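Peer 1: quick one, structure for this:
(one chain, ligands or ions: 1)
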Amino acid sequence: MTRQSQSAFSRFISSARDLFAKEQKPEKRWAQLEPLLRELLADPSISMSSKNWPNCSQKDRAENLLFYEDPEFGFVVNGLIKAPKTRTQIHDHAHNWTLYGVLDGIETIERYERLEHGSKPDYAEICQTGKFRVGPGDVDLVPPYQIHAEESGEQRTVAVIVRAEKPGAFLQGRYDPVNKKYWQSYGPIQIPYKMK
Ligand SMILES: [Fe+2]
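Peer 2: Predicted coordinates:
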């Protein structure tokens with residue numbers, strides 16, 4: 001992290017911590033965090049720093065760079081760098097609140113709804129309820145259990161993600177709409193990374 005990106009990032013962490021201390025209701029807390037993340041994404045030093053961030057694999061388990069974990073409130077800041085034309089599985093984030101901020105590149109986000117709830121094990125019918133493009137500066141708020149997928153476009157995409165807690169150690173839902181399958185697996189592997 002350069003000195004400039006470090007100070008933009010520190011300002012973000014400090015404002016996020018103030019917000020976590022004063023707002024306990026998750027809906028309000030995460031809505032109010034959104035403009036703070038937008039401000040971070042708009043800082044040119046973060047964009048400059050991101051040119052060096054390594055690609056994250058999207059194999060059986062995705063990888064996320066782990067920039068920060070808050071010792072008191074538990075929230076984390078992740079980086080996710082996708083190679084062009086990379087699509088995630090359709091998934092949810094379980095109970096974890098997420099703000100997905102796009103720093104670079106264009107992504108398509110798909111949203112789904114589940115049509116039935118656990119009538120049969122390993123079974124899920126879902127239907128797509130939205131599909132939209134996001135680009136630099138856009139922030140998508142992903143509440144608990146919201147079902148979605150993301151796909152990068154023709155270029156590498158970079159996202160800065162804030163999550164209520166570190167993922168990877170608890171199960172998240174996965175969906176196969178063609179075969180109407182539901183299963184769970186662990187979330188992204190966390191790769192500690194110092195921005196530079
Ligand atoms: Fe996701």
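
Peer 1: quick one: secondary structure of the residue lying closest to residue 56 once chain neighbours are set aside?
Peer 2: Closest residue to residue 56 apart from its sequence neighbours, by Cβ to Cβ, 6 or more residues apart in numbering: residue 63 at 4.0 Å. Where you see a C-beta, it was placed from the backbone N, CA and C, and this is true even at glycine. The three-state label given to residue 63 by DSSP: H, G, I helix; E, B strand; the rest coil is strand.

Peer 1: count of neighbours near residue 63?
Peer 2: Counted by other Cβ atoms under 10 Å, the residues lying close to residue 63 total 20.

Peer 1: doesn't residue 187 make contact with it?
Peer 2: No - judged on Cβ atoms under 8 Å, residue 63 makes no contact with residue 187 at a distance of 10.6 Å.

Peer 1: give me the pLDDT value at the nearest residue to residue 155 once chain neighbours are set aside.
Peer 2: Closest residue to residue 155 apart from its sequence neighbours, by Cβ to Cβ, 6+ apart: residue 105 at 4.7 Å. Per-residue pLDDT puts residue 105 at 96.

Peer 1: relative to residue 87, how far out is residue 105?
Peer 2: From residue 105 across to residue 87, the span is 14 Å (Cβ to Cβ, to the nearest Å).

Peer 1: what touches both of these two?
Peer 2: Shared contacts of residue 105 and residue 87 (Cβ atoms under 8 Å, 6 or more residues apart in numbering): residue 152.

Peer 1: comparing those two, which residue is more hemmed in?
Peer 2: When residue 105 and residue 87 are compared for neighbours, residue 105 comes out ahead with 19 against 14, by other Cβ under 10 Å.

Peer 1: where does the protein have its least confident helix or strand?
Peer 2: Using mean pLDDT, DSSP states H and E, helix 3-22 stands out as the lowest-scoring helix or strand of the chain, at a mean of 90.

Peer 1: pLDDT of the next helix or strand after that helix, averaged?
Peer 2: Counting by DSSP states H and E, the next helix or strand C-terminal to helix 3-22 is helix 26-41. Averaged over helix 26-41, pLDDT sits at 98.

Peer 1: and the helix or strand just after helix 26-41, how far out from the chain middle?
Peer 2: Reading on from helix 26-41 to the C-terminus, the next helix or strand found by DSSP H and E is helix 44-50. Here helix 44-50 shows a centroid-to-chain-centroid distance of 18 Å under the convention Cα atoms, centre = their mean, to the nearest Å.

Peer 1: cool, stretch 14-32 as well?
Peer 2: 17 Å.

Peer 1: same thing with stretch 47-64?
Peer 2: On Cα atoms, centre = their mean, the centre of stretch 47-64 falls 12 Å from the chain's centre.

Peer 1: can you check stretch 12-26 too?
Peer 2: What separates the centre of stretch 12-26 from the centre of its chain is 18 Å, taken as Cα atoms, centre = their mean.

Peer 1: what does stretch 32-42 give?
Peer 2: Distance, centroid of stretch 32-42 to centroid of chain: 14 Å (Cα atoms, centre = their mean).

Peer 1: with only the CA atoms kept, save it in CSV.
Peer 2: Output in CSV follows, covering the C-alpha atoms of stretch 32-42 (Å, rounded to 0.1, in the frame of the first residue of the first chain):
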residue,chain,number,x,y,z
GLN,A,32,-24.9,3.6,6.1
LEU,A,33,-21.7,1.8,5.3
GLU,A,34,-22.5,2.0,1.6
PRO,A,35,-21.5,5.6,1.0
LEU,A,36,-18.3,5.1,3.0
LEU,A,37,-17.3,2.3,0.7
ARG,A,38,-18.2,4.5,-2.3
GLU,A,39,-15.8,7.1,-1.0
LEU,A,40,-13.0,4.6,-0.7
LEU,A,41,-13.6,3.3,-4.2
ALA,A,42,-13.5,6.9,-5.6
